[in-house]
Structure formats: C-alpha cells, structure tokens
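In: Predicted model and sequence below, questions to follow.
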Amino acid sequence: MVVATREIVVRALNKGFLIGLAVTIAMIGGLIGFTSYMDSRTESFDVAVVAGDEAAATALESAAEDATASDQRIALSVVRVDDAAAAEAALEDETADAWLSSGTDGAAATDGAAGWTLSGWREPDTDLADLVETTVREQVMAERATDAGTTVEALTAGSEIGTERLDGNPVDPEIVFAAGFVLAFLFFMGAVGSGAMIAGSVIEEKQSRLVEIIATAVPLRQLLAGKIIGSSVIALSQNLLLAAIGLVGISFTDLSAMLPAMTATMLWFVVFFTVGFVAVAALYAVAGSLASRTEDLQYTTSPLMMLLMAVYVVTFSADGVLERVLSYIPPASIVSMPVRVLNGDALWWEPLVSLLILVAATFGAVLLSERAYRGALMQTGGRVTWKTALAGDRGTTLGA
C-alpha cells in the first residue's frame, strides 16, 4: 500500500497528466456543448416571393406554422419582390436564401416548364426544400380535393403507417457506433497513458539502481502489486470522471432519453475496464523491467501498443458475428461487451460469462507478468527478452 500510495500521489501531481486530463475534459465539454447548440439552433431562411404570387406566399406561411408545430427549428420569412429579375437579384446579393414560385406569377422553371419551383443561387438547403415540398404537396392536394368535392382526410384515410421496432431496443445504430468509438477511445487512452506511466516508473527506478535499495525492504512481488494497484486507481478514476462528465453532458442534449441505457453501458465498461486494466498494468510493468534504459521502452512496449491499437480500431468498427466473438475475447471484450449491452443484443448472462473469462485471463497475465518482472528487474546491460526474464526468475527461485 505504501508503493500504491506513492504511485497515486506522484501521478496525481504530475503536470503532464493534469494538463492532458484538463484538455480531454475541455474537448468532451466542447463537443457536447457544440452538439447541444447545433441541436437547439433554429435556422432562419428568407424566401423571396414575386408580387401577385399569393399561392407561394400562402404556402410559405403554412410551412412556417408546420415547422413551429413540429418543432423542426426552422424559421421562414417572406421577402416580397417585384418580379422574377428582382428575385434573382435578391438571391445573388444574398438578401434572400431562396425563391419560391408557384408558376402563376409568370415565372417558369429553368427548363421552361411552368410549376412550383424552389430556386437558390446555389443548391437550396435540404431541410428547407423538404419542408416546402411537403407543405406545397398538402396545399395542392387540398385544392384538388375541394375541386373533386371531397377532403384530404377522406382521400388519405387508412394510409397512415405506424412504426415498430421488433428488437425492443430504442437505441439507433448511429448512437451505438458513436458509443463504441467513445468506449474504445477511453480504453485506449486509459490503458496507454497509465501503462506508459507505470513502465516509465519501473525503468526510472531500475536505471537509477534505486530498485536495488527498494528490494531490500520491499519484496518484488509486493512492489509490482503496489504499482498495479496505484496505476489502476488512477486509470479508473480518470475514466469515471470522463464518463460522469459525458453522461451529465448528454442529459442536456436530445439524447437524454437514452441516458438510462447509456448509464448501464458505462457501468459495465467501468467493471470490465477495472478488471482488464490490471492485466494491462502488469504487462506494462514487465515492459519497463525488460528495458535497461529509457530509450529501450520504445521497443519493449511496442507489442503492447500494437495490441491496444488493434483493440481500439477493431472494437468500435466491429459488427454482427465479429462483435459477438470479440465480446468474449480479452481485452477486446472490455469494449465490445458493453457496446452489445447498449445495442440490446446481449442476453443477461452474457456479460457475466465474458467477465469471468476476463477475470481468468487477467489472473493468468498477472501470474506470468509477476514471474517475468522478478526475473528481469535486476538484470542490466541491455534489453531483456521474455524468455530470459522467465528463465531468470526460475534461476532466482532455485538459487534461493
């Protein structure tokens, strides 16, 4: 516990760590703030109408009312101009965003055919075009229904279509993909950042020969355990803080309805990460003990870095059978299983089975790492291989 406390204090007071954490928090807050702003922003459009084209003016007024009633965050205002030339001039000098013509004002479409036309100096905004098109269609249908002696309601009776999702999960695939990316990012940043710190701590003590003094008072097994516990506490605290900030931020966006599902997913991720990071920390400690100089860490940590990078890339983009398989294979299961929980395709017992597999894999990794750590920590003169480290541990045990 003395070693663990020292690791926690040193890391918590490290300026680089604190600056990186602050930058990450600022990025998360900025992204959530920008998303919330974009979701709540009302787009305003000035649409030109030629004098005398009352059909177009009426359609725009109806479109503005429909947008307000359906909370589409679109505001329309009518800009009346004298003729088609004035409408084109308004588009060119950007005093109008679009020009709506019903074809009754003497204007015609660019291909010479009369009829409803929404023109823009460039391509008209898609949301504006969809809104106007829907309103014009309803207006024209109402006029023709009146001419035929009936109503729009009578013509469209029985045409309503209800929607139903059979998997029972309200989370859209886009949200699941985004959540997978976020969890993979948190795993990668937590594992690599804290892992690099523990490897650096080990090589610093080894290179300065301080570990030889420490070993006279603290057994190497306890020294390794203290470093794993300390780094795990820091990594877990960091992810808990970032997850809490993310969940609080989501509550202020349109995704707030999915907050319960995302909270459950985050809790599963925290549990899986807590178990899995113990193995990652142990392996990084071995990577530090295999080096004899700080420069050697680039080589001894490369296999771990490639493994974690592969997990990061594969897990957030996996889908279907591949995702189900990865959800049972450590360390990919740290990300894949919580994503499956969010997606709603994991039965209640699957996370428990996956967690048991992760616990077993972590236990095996810690045992192997402990042997290699004790065998390599006292060896100097160059980089030590895993084979030499394990053999060195056996030799130390037999000599003792």
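Out: Perfect, thanks for sending it.
In: neighbours of residue 264, just the number please.
Out: 13 (other Cβ atoms under 10 Å). Bear in mind the C-beta positions are built from the backbone N, C-alpha and C, glycine included.
In: now do residue 354
Out: Residues near residue 354, counting by other Cβ under 10 Å: 24.
In: Tell me which residues touch it, please.
Out: 272, 327-328, 333, 337 (Cβ atoms under 8 Å, 6 or more residues apart in numbering).
In: Most widely separated two among the residues you listed?
Out: 272 and 328 (11.8 Å; Cβ to Cβ).
In: overlap in contacts of those two?
Out: Shared contacts of residue 272 and residue 328, counting by Cβ under 8 Å, 6+ apart, come down to 337, 354.
In: Using TSV, lay out the contacts of residue 354 together with neighbour count.
Out: Formatted as TSV, the contacts of residue 354 follow (neighbours: other Cβ atoms under 10 Å):
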residue	neighbour count
272	25
327	27
328	15
333	26
337	30
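In: closest to residue 239 among those residues?
Out: residue 272 (10.9 Å).
In: Spit out the contact partners of the closest residue to the closest one other than its chain neighbours.
Out: Spatial nearest neighbour of residue 272, chain neighbours left out: residue 334 (4.4 Å); criterion: Cβ to Cβ, 6 or more residues apart in numbering. Counting by Cβ under 8 Å, 6+ apart, residue 334 touches 187, 269, 272-273, 276, 311, 358.
In: run the last query once more with 7 Å
Out: The neighbourhood of residue 334, defined by Cβ atoms under 7 Å, 6 or more residues apart in numbering, consists of 187, 272-273, 276.
In: Can you tell me how far residue 213 is from residue 223?
Out: Distance, residue 213 to residue 223, by Cβ to Cβ, to the nearest Å: 12 Å.
In: Quick check: residue 62 touching residue 139?
Out: Yes - the criterion here is Cβ atoms under 7 Å, and residue 62 meets it with residue 139 at 6.5 Å.
In: out of the contacts of residue 334, who's nearest residue 101?
Out: Checking those against residue 101 by Cβ to Cβ gives residue 187 as the nearest, at 55.5 Å.
In: mean confidence for the strand or helix carrying the closest one?
Out: When secondary structure is defined by DSSP states H and E, residue 187 falls within helix 173-207. Over the span of helix 173-207, the pLDDT mean works out to 82.
In: Pull out the buried residues from it.
Out: Neighbour-count burial for helix 173-207, counted by 16 or more other Cβ atoms under 10 Å, picks out 175-176, 179-184, 186-203, 205-207.
In: For that helix, enumerate the helices and strands it packs against.
Out: Helix 173-207 is packed against helix 220-250, helix 259-290, helix 302-317, helix 333-343, with contacts defined by 3 or more Cβ pairs under 7 Å, 6 or more residues apart in numbering; DSSP states H and E.
In: now that helix and helix 259-290, what's the angle there?
Out: 30 degrees (axes from the mean of the first three to the mean of the last three Cα atoms, to 10 degrees).
In: Helix 173-207 vs helix 220-250, what angle?
Out: Using the same axes, to 10 degrees: helix 173-207 against helix 220-250 is 150 degrees.
In: angle of helix 173-207 against helix 333-343?
Out: Using the same axes, to 10 degrees, helix 173-207 lies at 160 degrees relative to helix 333-343.
In: Tell me the gap between helix 173-207 and the middle of its chain.
Out: 15 Å (Cα atoms, centre = their mean, to the nearest Å).
In: again, but for stretch 302-321
Out: Remark: stretch 302-321 is offset 15 Å from the chain centroid, using Cα atoms, centre = their mean.
In: ok, and for that stretch, which residues are buried?
Out: Neighbour-count burial for stretch 302-321 [16+ other Cβ under 10 Å]: 304-305, 308, 311-312, 314-316, 318.
In: for those residues, which one is nearest residue 46?
Out: Closest to residue 46, out of all of those and judged by Cβ to Cβ, is residue 316, at 41.8 Å.
In: For that closest one, give its distance to residue 183.
Out: Taking Cβ to Cβ, one finds residue 316 at 7 Å from residue 183.
In: okay, and the common contacts of the two?
Out: What both residue 316 and residue 183 touch, as defined by Cβ under 7 Å, 6+ apart, is the set residue 335.
In: what about the nearest residue in space to residue 342 that is not next to it in sequence, distance to residue 195?
Out: In this structure, residue 342 finds its nearest non-sequential neighbour in residue 265, 4.1 Å apart by Cβ to Cβ, 6+ apart. Going from residue 265 to residue 195 by Cβ to Cβ gives 24 Å.
In: got it, and residue 60?
Out: Taking Cβ to Cβ as the criterion, residue 60 is separated from residue 195 by 60 Å.
In: same question, residue 272
Out: Counting by Cβ to Cβ - residue 272 and residue 195 are separated by 16 Å.
In: domains for the chain, by residue range?
Out: 45-150, 170-399 (automatic domain parsing).
In: how long is the shortest one end to end?
Out: Pointing back at domain 45-150 there. The straight-line separation of the ends of domain 45-150 (Cα to Cα, to the nearest Å) is 34 Å.
In: low-confidence ranges in the stretch 101-250 of the chain?
Out: 104-114, 165-170 (pLDDT under 70).
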